[in-house]
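*Asks:* structure, please.
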Amino acid sequence: MTPRTDVENPSEPDENSGINTPKLDELDVDQLGRQRPDCFPNLLFEVLFCSSLLISMFMAEFFISGFNIILPNVSHALDIPKESQTWPASVFSLVTGSFLLPFGRLADIHGAYIVFNFGLVWFSIWALISGFSTNYQMLIVARALGGFGPAAFLPTSIMLLGKTYRPGPRKNLVFSLWSAFAPIGFFLGIITGGATAEYMSWRWYFYFGSIILFIVCIASFITIPRDWASTHVENAHIKMDWWGAVTIVPGLILTTFAITEGAHAPQGWKTPYIIVTFVLGVLLLAAAVYIEGWVAEQPLLPFDLFKPKYMGRMSIALFFAYGIFGIFLFYASFHIGEWMGASALKTAVWFAPMAAGGIILATVGGFTLHLLPGKVLIMISSCGFLACTLLFALAPIDANYWAFIFPAMVGSTIGVDTAFIVSNVFITSNVARERQGIAGALISSLLFVGISFFLGLADLAVSENEKRGGTEGHKVAFWFATACAAIVMILFATINPGKAESELTMEERLKLENGGGSSEKKDTEKGQQAEPAVSA
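*Replies:* Numbers count the residues shown, from 1 in each chain. Predicted coordinates for the structure are as follows:
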């Protein structure tokens, strides 16, 4: 899937003349950033292709948000102990986040078609099985195994979009639509969860989700380009980093397990199995850093992936930001339902501003992202994160909806959706084609591992507060999230991603620097360095 250009390959010399036809600096990058990629024969095919990817994101959010709404009913029906209630919610994100990097590498090796469709089929099967759970242990296992599905299709979605679209307005629009489907899936997951819990059975939440997934499977089989042959040729030199996989994956799982379970273990953090899993997890992650940095020939997470300017700080900030969002999702539903006494359906309706705001932000952002400074956008995002957590931390038990809940919901969608759009375009525009799978895995890992990790820390804070006689455990989680939001604001203040304007691809920039084009460049291409700071 080569991005469309004015000629078949604008950066290669003509075999007969020996000159570039045309030279890189003669490309109309603004036009190239607006037109349909060559791999789509018509607009309908492009729409169907994008729809498969958008709905996959929709379903990942559907099964995160809605489950938090039905969790009180599920806990009652399956007799889930209070100390284990976070596991059905967090184990899905934990497994997904832990396996994103290996699946991203598999997509780079074997192509996106196989990995993407495997993920969808696998996810649909385990979503259906979750609905037939007879006890909470079965539900936790089904949710955990289902996490392999998004681990496969989420990074490949970003990979497909990143490889197909050049930097520019069209890419901004597609990524914005992709981001818009996150709040749509999030809200419909909440509404479905609330409706099934109120009027049907919580099992229908999983049944409805699996039906949608099966339909998406059919559409993706037809529309996703069959790229395994071209990928094997283009990326024949790429190999799986097995040593990285066997250290990163268990390291993340064991560390997060210890943090999440430590608060509820029989002897707390003094419990032997908590100590053992935590120490093993930290040792495995330390081994992973050594392997990825100095041993692996082709590391699963190459350190030079963070070489572009601001990439490292952006990744850290996103890790905290997505963790805040995870805490907000989990504890806001419990806070509204259990502490404020709202019904499941009323709780779902109260989350409506998140969906509406997300759709508006993503849609408007798609048409204006290339006009607005990236630094302004991410600072607005940090203010949204701070507002949503602080308002819930300050809200009394009889809080007025319009004074506290509504602005908190708006703040949360401003925070997560703005950060999501800007960071996705920034990261994919600063990574080579052959690394788009790993870039997609990095983006999704920050999201899912961040949710699991920080939800575990928040749960630890809440449990410690309850052990000491505290009666407002939910507020402890929100105060912790507020502190994290302040860290995000500080980090974002040091980042200046620039505007998401039309520009050369990473390969074209590197070729130009190596003498592949004229030394004179247009103003629209200024600032394109080996470590670019633009492409919001």
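*Asks:* doesn't residue 100 make contact with residue 245?
*Replies:* No: taking contacts as CB atoms under 8 Å, residue 245 lies outside contact range of residue 100: 11.3 Å. Yep, even glycine has a C-beta here, placed from its N, CA and C like the rest.
*Asks:* those two - which one has more neighbours?
*Replies:* Between residue 245 and residue 100, counting by other CB atoms under 10 Å, residue 100 is the more crowded of the two (30 against 18).
*Asks:* list the helices and strands the host helix or strand of that one packs on?
*Replies:* Using DSSP states H and E, the element containing residue 100 is helix 86-110. Identification of packing neighbours for helix 86-110 by 3 or more CB pairs under 8 Å, 6 or more residues apart in numbering; DSSP states H and E yields helix 43-77, helix 112-131, helix 136-146, helix 148-164, helix 228-234, helix 242-261, helix 311-334, helix 436-467.
*Asks:* out of those, nearest to residue 496?
*Replies:* helix 311-334 (10.4 Å; CB to CB).
*Asks:* now for that closest one, which elements pack on it?
*Replies:* Contact partners of helix 311-334 among helices and strands, from 3+ CB pairs under 8 Å, 6+ apart: helix 43-77, helix 86-110, helix 374-394, helix 406-429, helix 436-467, helix 473-493.
*Asks:* ok, residues contacting stretch 395-406?
*Replies:* 335-336, 339-340, 350, 353, 391-392, 394, 408 (CB atoms under 8 Å, 6 or more residues apart in numbering).
*Asks:* can you rerun that using 6 Å?
*Replies:* Under the criterion CB atoms under 6 Å, 6 or more residues apart in numbering, residues 350, 353, 391 lie in contact with stretch 395-406.
*Asks:* quick one: distance of stretch 98-112 to the chain centre.
*Replies:* Centroid separation for stretch 98-112 versus its chain: 15 Å, with CA atoms, centre = their mean, to the nearest Å.
*Asks:* what comes up buried for it?
*Replies:* For stretch 98-112, a neighbour-count test (16 or more other CB atoms under 10 Å) marks 98-112 as buried.
*Asks:* now do the contacts for residue 122.
*Replies:* So residue 122 contacts 148-149 (CB under 6 Å, 6+ apart).
*Asks:* where does this structure dip in pLDDT?
*Replies:* 1-34, 362-363, 365-370, 469-473, 499-536 (pLDDT under 70).
*Asks:* how's it carved up into domains?
*Replies:* For the chain, the structural domains run 33-240+300-525, 241-299, going by automatic domain parsing.
*Asks:* of the ones you listed, flag the one that's most buried.
*Replies:* domain 33-240+300-525 (a mean of 21; mean count of other CB atoms under 10 Å).
*Asks:* quick one on the thing from earlier: tell me which residues are up against the helix holding residue 100.
*Replies:* 115, 139-140, 143-144, 147, 150-152, 155-156, 159, 228, 235, 238, 240, 245, 249, 252-253, 256, 300-301, 437-438, 440-441, 444-445, 448-449, 451-452, 455, 459.
*Asks:* excluding covalently adjacent residues, which one is nearest to residue 351?
*Replies:* residue 190 (4.8 Å; CB to CB, 6 or more residues apart in numbering).
*Asks:* wait, that neighbour touches residue 65, no?
*Replies:* Yes: the pair residue 190 / residue 65 is scored as a contact, 5.1 Å apart, by CB atoms under 6 Å.
*Asks:* need the residue closest to the centroid of the chain.
*Replies:* The centre of the chain sits closest to residue 444, judged by CA atoms, centre = their mean, with a distance of 3.6 Å.
*Asks:* so what's that one up against?
*Replies:* 100, 154-155.
*Asks:* closest one of those residues to residue 293?
*Replies:* Minimum distance to residue 293 across the contacts of residue 444 is 19.6 Å, recorded for residue 100 (CB to CB).
*Asks:* distance of the closest one from residue 448?
*Replies:* 7 Å (CB to CB, to the nearest Å).
*Asks:* what of residue 173?
*Replies:* Distance of residue 173 to residue 448, given as CB to CB: 25 Å.
*Asks:* residue 240 belongs to a helix?
*Replies:* No: counting by DSSP: H, G, I helix; E, B strand; the rest coil, residue 240 falls outside a helix, being coil.
*Asks:* so what's the backbone phi/psi at it?
*Replies:* Main-chain torsions, residue 240, degrees, to the nearest 10: phi -80, psi 140.
*Asks:* distance from the chain centre to the helix holding residue 100, please.
*Replies:* Mean-position distance between helix 86-110 and its chain equals 11 Å (CA atoms, centre = their mean).
*Asks:* which SS class is the residue nearest to residue 351?
*Replies:* Applying three-state DSSP: residue 190 is helix.
*Asks:* for it, give me its contacts.
*Replies:* 65-66, 69, 348, 351.
*Asks:* make TSV from those and add distance to residue 264 to it.
*Replies:* Output for those, formatted as TSV (distance: CB to CB, whole Å):
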residue	distance to residue 264
65	24
66	24
69	23
348	28
351	27
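*Asks:* residue 334 and residue 260, how far apart?
*Replies:* 16 Å.
*Asks:* with residue 396 instead?
*Replies:* 29 Å.
*Asks:* quick one: residues contacting the nearest residue to residue 414 once chain neighbours are set aside.
*Replies:* Distances taken as CB to CB, 6+ apart place residue 384 nearest to residue 414, at 3.3 Å, with adjacent residues excluded. Contacts of residue 384 were listed using CB under 6 Å, 6+ apart, and they are 411, 414-415.
*Asks:* what is the nearest of these to residue 293?
*Replies:* Relative to residue 293, the closest of those is residue 415; by CB to CB it sits at 32.3 Å.
*Asks:* how about the nearest residue to the closest one, chain neighbours excluded?
*Replies:* residue 384 is the one closest to residue 415 (CB to CB, 6+ apart), at 3.2 Å.
*Asks:* could you do residue 217 as well?
*Replies:* residue 120 (4.9 Å).
*Asks:* residues in contact with that neighbour?
*Replies:* Here residue 120 is in contact with 153, 217, 220 (criterion: CB under 6 Å, 6+ apart).
*Asks:* surely residue 160 and residue 111 touch.
*Replies:* No: Residue 160 lies out of contact with residue 111 (CB under 6 Å); the separation is 9.9 Å.
*Asks:* need the contacts of residue 120 in CSV (columns: distance to residue 78).
*Replies:* Converted to CSV, the contacts of residue 120 look like this (distance: CB to CB, whole Å):
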residue, distance to residue 78
153, 28
217, 28
220, 32
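*Asks:* correct me, but residue 113 touches residue 229?
*Replies:* No: the criterion here is CB under 6 Å, and residue 113 misses it with residue 229 at 10.0 Å.
*Asks:* residue 200 is nearest to which of the helices and strands packed on helix 86-110?
*Replies:* Nearest of these (CB to CB): helix 43-77, 10.5 Å.
*Asks:* tell me what that closest one is packed against?
*Replies:* helix 148-164, helix 169-199, helix 203-223, helix 311-334 (3 or more CB pairs under 6 Å, 6 or more residues apart in numbering; DSSP states H and E).
*Asks:* what angle do the third one and helix 148-164 make?
*Replies:* Taking axes from the mean of the first three to the mean of the last three CA atoms, to 10 degrees, one finds helix 203-223 and helix 148-164 inclined to each other by 40 degrees.
*Asks:* residues in contact with helix 203-223?
*Replies:* Here helix 203-223 has contacts from 48-49, 52, 55, 59, 62-63, 66, 70, 117, 120-121, 123-124, 127-128, 130-131, 192-193, 196, using CB under 6 Å, 6+ apart.
*Asks:* mind doing that once more with 7 Å?
*Replies:* Here helix 203-223 makes contact (CB atoms under 7 Å, 6 or more residues apart in numbering) with 48-49, 51-52, 55-56, 59, 62-63, 66, 70, 116-117, 120-121, 123-124, 127-128, 130-131, 192-193, 196.
*Asks:* I figured residue 436 hits residue 163, correct?
*Replies:* Yes: counting by CB atoms under 7 Å, residue 436 touches residue 163, with 4.9 Å between them.
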